[in-house]
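Visitor: Sequence first, then the predicted structure, then my questions.
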Amino acid sequence: MEVWQLILNGLMSGTILAVPAIGLSAIFAVLRFTNFALASHMTIGAFAGFVANVWLAWPVVPSLLAAFLIAGVVGVLSDEFILKPFRAAGFITTAIGSIALTIALENAVRFVFGNELRGYDLPIRRDWVLGGLRVSPQQLENLLIALAAMGLLFAFLFFTRTGRAMRAFADNPMLASIKGINADMVARLVSFVAMGLAGLGGMLIGLDTTIDPLVGFKSILTIFAAAVVGGLGSLPGAVVGALLVGVGEELSLLILQPAYRSAIGFLAILMVLTLRPRGILGARAY
Amino acid sequence: MEHYLVAIGVTAGVYALMALGMNVIWGMAGLINLGLVGFFAVGAYVSGLLTLKLGVPIAVGVAAGMVTAALVGVLVAFITVNLRGDYLAIVTLGFAESLRIVMSNELWIANGTDGLSGIPGPYRAQLGPHLFNLFYLAIVVGAVIVLFFLVDRLVNSPFGRVLRAIRDDDVIAEVAGKHVAVFKIKAFAFGSAALGLAGALYGHFTSYIAPDLFAPLLTLYVKLSLLTGGLGNSKGAVLGAVLVVFFLESTRFLAPLIPGLSAVQAAAVRELAISVALLVILRFYARGLLPERIEPPALAAKGAAPALNRI
């Protein structure tokens, strides 16, 4: 029974991890770089949600929306003014720039909120027990929110003109430009959506535990693992990867201490890069 | 005060060793290492554990630290050598973080987060604290000089030429019949050994190492050193390390002077200043104070456009 409980926990945490992992993969697909600044945008989202939920006493769902919007806006601004000029200078410059950016933003949050652990204002509810499996109502709610966000994203990408333009641009930037798709607009849009998802994911993770300025950086390894396992640049891949890594992390509890959970992500990265570098659903090996 | 200045000097030397190592990996071969702090930690832990627990001579411990760091470098580079550079970035970062997690949690290796204390220093007891610090400064400066000349030789050797060719265009290097993968792995291993050496020397100086010393911020400090001095230039790497340590130490004094800041806020301002400095230099002064200078080949026309966007 314990195994099933762990698998259930893993599927639930994996669904939440999928939200920022999709953001990471989307940026990689469209802007063609790994954005380590995802970590600080998760932190920014988590704290934007905290301000809305605890200081302004908003309910959880509007607070999550605030987390998405604030992180998305910061994402557009930081990409436009800081990361975009780096992209022209090559991937090492961009990667280092995005690490420096993430530490800068994280410390901006630390300056305002300090280092202490903070929790959201949540009603205390009893866990539900269904057929021997234990689930907290909050976890279930987070799961539904994460699924709804992903559903909206995929609907946007497949059924709207703008979404299709973004996919076209990811597929072939040159051809997309010839057809009149504005590259700058697509870059801004993908930064907004991806970093918004990062912020949303940061708050969802925080709803389950607590938040501090390192909330993003602590889960970044797991998120990279999800994106790499699924295939960098593939959005459905990010979801599959996140579920696998989530379940793997939980199952590792059978043999390892809880502290090793994020090291499982690293093992998964090494395994995938050795056996199948393009990941499970990745279209090409880069 | 003198004690403090000597300690800063040793720190600057350790940073210079790391900057020289990164100069080979990043400046010459064009490879990324976002987890250099992990290789630094490998050197520090291997040497510290061997000398402390097995009583191995310090020189042997330091050598073992270097070799282990180099082997880890080979492994990390080998896994990602044929993939886009982003994967090496992810794997190096992941390696450093995973190592920190393991060292924080496994008490039996090196006391977990409590860290390893009482690491022996060469002739520490005989010399007394004052002379020991000066003696150690001399050792570190000697190590920097030796590594400086090694890297300098490497830059002008055929090996260094191939590395730069790979950095500027690895397809052309491959077409010219060079085993690009082997060169990349060798460069990464050489640089990792230098990082391991820096870590081992650091541990024997402070006599104490703990996982939280190996935070990702150190990686930024070394990148900042290299960029300030001039990527690809060994003199620049050493100069940059000295300047960055000076800058870091002065922010330590300046941040508390801003009135009305708590200790956490002062630390946050300091880290913010450092990361913003890195962003600004990366953006506007990426060639550094002493830009890379390579003797042009005899046949090249004078005034040929230098490759600018090679970082």
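Guide: Sure thing, it's come through.
Visitor: which parts of the stretch 51-200 of chain A sit against chain B?
Guide: A:82, A:85-86, A:88-93, A:95-97, A:99-101, A:103-104, A:107-108, A:110-111, A:114-115 (CB under 8 Å from any CB of the partner chain). All C-beta spots, glycine's among them, are computed from the backbone N, C-alpha and C.
Visitor: Okay, and residue B:98 sits in which element?
Guide: Assigned by DSSP states H and E, residue B:98 falls within helix B:85-105.
Visitor: same deal with residue A:129?
Guide: Per DSSP H and E: strand A:128-130 holds residue A:129.
Visitor: just residue A:228 next, same as before
Guide: Going by DSSP H and E, residue A:228 is in helix A:215-230.
Visitor: and the gap between residue B:155 and residue B:71?
Guide: Counting by CB to CB, to the nearest Å, the gap from residue B:155 to residue B:71 is 24 Å.
Visitor: which one of the two has more residues nearby?
Guide: Neighbours were counted for residue B:155 and for residue B:71 using other CB atoms under 10 Å in any protein chain shown; residue B:155 has more, 22 against 15.
Visitor: Verify the stated contact: that one with residue B:234.
Guide: Yes: taking CB atoms under 8 Å as the definition, residue B:155 is a contact partner of residue B:234 at 6.8 Å.
Visitor: list the contacts for the nearest residue to residue B:277 once chain neighbours are set aside?
Guide: Spatial nearest neighbour of residue B:277, excluding adjacent residues (CB to CB, 6 or more residues apart in numbering or on different chains): residue B:224 at 6.6 Å. Applying CB atoms under 8 Å, 6 or more residues apart in numbering or on different chains, we find residue B:224 in contact with B:240, B:244, B:274, B:277, B:278, B:281.
Visitor: So which of these are in strands?
Guide: Applying DSSP state E to those, no entry is found in strands.
Visitor: picking that back up, tell me which element the residue nearest to residue B:277 falls in.
Guide: Short version, using DSSP H and E: residue B:224 is in helix B:217-229.
Visitor: Please spell out which residues along that helix are buried.
Guide: Of the residues in helix B:217-229, B:218, B:219, B:220, B:221, B:222, B:223, B:224, B:225, B:226, B:227, B:228, B:229 count as buried by neighbour count, 16 or more other CB atoms under 10 Å in any protein chain shown.
Visitor: That helix to helix B:85-105, inter-axis angle?
Guide: 140 degrees (axes from the mean of the first three to the mean of the last three CA atoms, to 10 degrees).
Visitor: Just the C-alphas of helix B:217-229, formatted as PDB.
Guide: This file holds the C-alpha atoms of helix B:217-229, laid out as PDB (Å, rounded to 0.1, in the frame of the first residue of the first chain):
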ATOM      1  CA  LEU B 217      27.600  32.300  -5.500                       C
ATOM      2  CA  LEU B 218      31.300  31.300  -5.600                       C
ATOM      3  CA  THR B 219      30.800  30.200  -9.200                       C
ATOM      4  CA  LEU B 220      29.700  33.800 -10.000                       C
ATOM      5  CA  TYR B 221      32.800  35.300  -8.200                       C
ATOM      6  CA  VAL B 222      35.200  33.300 -10.400                       C
ATOM      7  CA  LYS B 223      33.300  34.100 -13.600                       C
ATOM      8  CA  LEU B 224      33.400  37.800 -12.500                       C
ATOM      9  CA  SER B 225      37.100  37.500 -12.000                       C
ATOM     10  CA  LEU B 226      37.700  36.000 -15.400                       C
ATOM     11  CA  LEU B 227      35.500  38.500 -17.200                       C
ATOM     12  CA  THR B 228      36.900  41.500 -15.400                       C
ATOM     13  CA  GLY B 229      40.400  40.500 -16.200                       C
END
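Visitor: Against which helices or strands is the lowest-mean-pLDDT helix or strand in chain B packed?
Guide: Least confident helix or strand, chain B: helix B:107-110 with a mean of 82, by mean pLDDT, DSSP states H and E. Secondary-structure packing of helix B:107-110 (3 or more CB pairs under 8 Å, 6 or more residues apart in numbering or on different chains; DSSP states H and E): helix B:36-53, helix B:85-105.
Visitor: how about a cut-off of 10 Å?
Guide: Judged by 3 or more CB pairs under 10 Å, 6 or more residues apart in numbering or on different chains; DSSP states H and E, the packing partners of helix B:107-110 are helix B:36-53, helix B:85-105, strand B:116-117.
Visitor: contact partners of that helix?
Guide: B:44-45, B:48-49, B:52-53, B:102-104, B:113-114, B:116-117, B:209-211 (CB atoms under 10 Å, 6 or more residues apart in numbering or on different chains).
Visitor: rewinding a little: next structured bit after the helix holding residue A:228?
Guide: Per DSSP H and E, the helix or strand that comes after helix A:215-230 is helix A:235-251.
Visitor: Helices of chain B, start to end?
Guide: B:2-22, B:36-53, B:58-80, B:85-105, B:107-110, B:124-156, B:158-168, B:170-175, B:180-206, B:217-229, B:234-254, B:263-284 (DSSP state H).
Visitor: tally of neighbours for residue A:61?
Guide: For residue A:61, using other CB under 10 Å, the count is 12.
Visitor: OK, contacts around it?
Guide: A:53, A:141, A:145, A:148.
Visitor: Ignoring the adjacent residues along the chain, who's closest to the third one?
Guide: Spatial nearest neighbour of residue A:145, excluding adjacent residues (CB to CB, 6+ apart): residue A:64 at 6.3 Å.
Visitor: my read: residue A:172 touches residue A:165, true?
Guide: No: at 12.0 Å, residue A:172 does not count as touching residue A:165 under the criterion of CB atoms under 10 Å.
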